[in-house]
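# Curious how this folds, go ahead:
(2 chains)
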Amino acid sequence: MKKRGYLDSKGLSQVVSTVLIILISIMAVGMLTVFVFNVIKQQNIEEAQTALNCITDVDVKILGACYTGNLLKINVKNERGIVLGDFFLIDVFYFDREKETIPTPYYTTVNAYESRELIVPYLSPIEKIKVIPRVESTAFLCYDNAPEYSNIKEC
Amino acid sequence: MKKKNFILFYTLFLVILIISFVSAEIITISSNIVNPGDNITLTIRPTKSGFYNIIYVHKNTSVVDLINVPCTTICTRRQTLTYNIPSNFVGGYYFATFDYAINNYELDFFNVIESGGANQGALTLDYIGNVIFGTNGIINPEQGKNANINISVSLKDKKCNTYNVNAYLCNSSLLTSCTLDNYTLNIPLSFESKSGTVCKFSYRGEDFFPFYQSASDWQIFVRTGILEDRDNFVYTSLSALNYTSFINFGRLNTQQWNIGIPSSGIDLLNFGNIPLSIEWSSERFSCITENCTDFFLVYNKTINESYFQVDDDNLFMEGSIVGDNETETGLNPIFITNATLEFFPENLSVCINKNCNNNIGERVKTFYNLKIPNIQRGVYEGEIKISLY
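Got it, this is the predicted structure:
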């Protein structure tokens, strides 16, 4: 008769398997919890906050826009007391191609009530542009408060 | 068998979950600690939404370089790029890549350390101060020369003797921040000794902190690679004068003014870092010749008459001394007595170089006018006390 000892390989693998299952379960539950919380937070709270912030705090005007060489220069003014940035998105509507969304370089900010020139690449003739502002240090992109500008000529 | 399937299920679940989290970042960089001249490989795995074809290289808030990815505006395919670190890069940088999937920039940080810089271990600033009679955190100026200072640092690492260590000093009255891009002095530290895994690096010398430099608060940070230690120290003020300790007036005549002695004048220099007002006082000259016991007072209180004067020129007219514009040039002379408080000069400027020869009032030539009463013939000696304010 074969006697089963503590170091029996089959017995050991069962212990390891059980521990692994418990650990993996804990990790999976933890990650799922974080994931679910993030989804809830992003989709509900932030979206509502974004909309509210954009309506109450964001007002951007395009004072002018022109191109020189391969650069498109857009002069914008922040009409409110909140800092805008860290970047803007520029929707560029071309005559000869599809619309493109071009981000300004990271850390492009416009202080409260200040004007600033935004610069993005100029690729081909533009029908109009739309400047989508963002509230600094948040993920709020204000699509509904995006001013448009057409008649873009050479500087 | 059932348990094995269970483990397999859980493992797959976990892998999928991890991939879903990891894939939130589209860029991986080959190394986040590099030297100037090294290459960093960026592997970009975009989602279907793609990423913007310009990757910005930032230092703090400034764009310092950019990478043009070979695709049109929005890149949707996997890319592997090599970025060569410019030779002038040092410190913390990051790549900013716009990810259209999240409509936000992904920031990937990397640290450029100078060649020979440590990428692990611990760095400690042990001492900054004067070499002689020094106190940690205080540098005292030394009159007429540069301060002899000591900066001592400990670096703990197995390979500590192979690293370079630098000290960066910042004058707080001139600089608001003290960084690698913004410092007053850079002092390379020399390897001194190794004991176990601890190395000592130091600087000892008189290359910095001249006597005429203004007192102020300073900051110091010592650095090698990713290791750094910081502290504050003070450069103190110093009132100091350079003047002869012995004056030979030569042979003088009695009962008349002896004007403009010694004939070459004696330079008076500010050897510290604050403007000085100098007060002179003297009481008497006594005969030191054998068997001679005579003396004379430089100020006769009874008749209110003075016999000893210091001036910056050798002009003199008896009876009209101070304020006589016709005979006086430069600074007004003063009588040296032990009775009145007068300054000569009233504001001796601080030098702006070690030679004190910029003609900004930091150097004054002194001449003496002496009227000797009818006294016994002999050699007379007296003291002149100079006080600084």
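# CA atoms for contacts and neighbours, from now on please.
Will do.
# In contact with whatever residue of chain A ends up closest to chain B, which residues?
At 5.9 Å from chain B, residue A:107 is the closest residue in chain A, using C-alpha to the nearest C-alpha. Going by C-alpha atoms under 8 Å, 6 or more residues apart in numbering or on different chains, residue A:107 touches A:85-87, B:61-62.
# Apart from its chain neighbours, what residue comes closest to residue 124?
The chain I'm using is chain A. In space, and not counting its chain neighbours, residue A:124 is closest to residue A:94: 6.9 Å by C-alpha to C-alpha, 6 or more residues apart in numbering or on different chains.
# think we crossed wires, I meant chain B
Leaving out its chain neighbours, the residue that sits closest to residue B:124 by C-alpha to C-alpha, 6+ apart is residue B:154, at 5.2 Å.
# Could you pull up the contacting residues of the one you found?
B:123-126, B:198-201.
# Repeat the analysis, applying 10 Å as the threshold.
B:122-127, B:160, B:165, B:191-194, B:198-202 (C-alpha atoms under 10 Å, 6 or more residues apart in numbering or on different chains).
# Okay, and the beta partners of it?
residue B:124, residue B:200 (DSSP bridges).
# you'd agree residue B:132 is in a helix?
No. Under DSSP: H, G, I helix; E, B strand; the rest coil, residue B:132 sits outside any helix and is assigned coil.
# Skip the chain neighbours and tell me the closest residue to it.
Sequence neighbours aside, residue B:148 is the residue nearest to residue B:132 in space, at 7.7 Å (criterion: C-alpha to C-alpha, 6+ apart).
# quick one: that neighbour from residue B:167, how far?
Between residue B:148 and residue B:167 the computed distance is 16 Å (C-alpha to C-alpha, to the nearest Å).
# repeat for residue A:103
Taken as C-alpha to C-alpha, the span from residue A:103 to residue B:167 is 40 Å.
# Assign the residue of chain A closest to chain B to helix, strand or coil.
The three-state assignment at residue A:107 reads coil, by three-state DSSP.
# Likewise for residue A:51?
helix.
# Which residues are in contact with the closest residue to it other than its chain neighbours?
Distances taken as C-alpha to C-alpha, 6+ apart put residue A:142 closest to residue A:51, at 7.4 Å, once the chain neighbours are dropped. Going by C-alpha under 10 Å, 6+ apart, residue A:142 touches A:50-55, A:58-59, A:88-89, A:131-135.
# Show me which residues of stretch A:103-118 are buried.
Within stretch A:103-118, the residues scored as buried using 16 or more other C-alpha atoms under 10 Å in any protein chain shown are A:103-111, A:115-118.
# Go ahead and confirm residue B:281 touches residue B:385.
Yes. Residue B:281 is in contact with residue B:385 according to C-alpha atoms under 10 Å; the separation is 5.2 Å.
# shared neighbours, those two?
Residues within reach of residue B:281 and of residue B:385 at once, by C-alpha under 10 Å, 6+ apart, are B:336-338.
# Closest one of those residues to residue B:103?
Sorting the shared contacts of residue B:281 and residue B:385 by how near they are to residue B:103, with C-alpha to C-alpha, puts residue B:336 at the top with 82.9 Å.
# just checking, the closest one touches residue B:307?
Yes. At 8.2 Å, residue B:336 and residue B:307 qualify as touching, with contact defined as C-alpha under 10 Å.
# Have a look at these two and say which one is more surrounded.
residue B:336 (26 against 21; other C-alpha atoms under 10 Å in any protein chain shown).
# so what's the more buried one up against?
Residue B:336 neighbours (C-alpha under 10 Å, 6+ apart): B:279-283, B:298-299, B:306-310, B:342-344, B:368, B:384-385.
# for residue A:127, same thing?
Counting by C-alpha under 10 Å, 6+ apart, residue A:127 touches A:92-96, A:99, A:149-152.
# mind putting those in JSON lines, distance to residue B:139 and pLDDT included?
Shown next, in JSON lines, are the contacts of residue A:127 (distance: C-alpha to C-alpha, whole Å; pLDDT from 0 to 100):
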{"residue": "A:92", "distance to residue B:139": "60", "pLDDT": "96"}
{"residue": "A:93", "distance to residue B:139": "64", "pLDDT": "96"}
{"residue": "A:94", "distance to residue B:139": "66", "pLDDT": "95"}
{"residue": "A:95", "distance to residue B:139": "69", "pLDDT": "92"}
{"residue": "A:96", "distance to residue B:139": "70", "pLDDT": "86"}
{"residue": "A:99", "distance to residue B:139": "64", "pLDDT": "93"}
{"residue": "A:149", "distance to residue B:139": "62", "pLDDT": "96"}
{"residue": "A:150", "distance to residue B:139": "64", "pLDDT": "95"}
{"residue": "A:151", "distance to residue B:139": "65", "pLDDT": "89"}
{"residue": "A:152", "distance to residue B:139": "62", "pLDDT": "94"}
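# Which members of the residues you listed are the farthest-apart pair?
Farthest pair in the contacts of residue A:127, by C-alpha to C-alpha: A:96 and A:149, 17.5 Å.
# what about those two, which has more around it?
residue A:149 (17 against 10).
# hmm, back to that, hang on, the residue nearest to residue A:124 packs against residue A:130?
No. Between residue A:94 and residue A:130 there is no contact under C-alpha under 10 Å: 11.7 Å.
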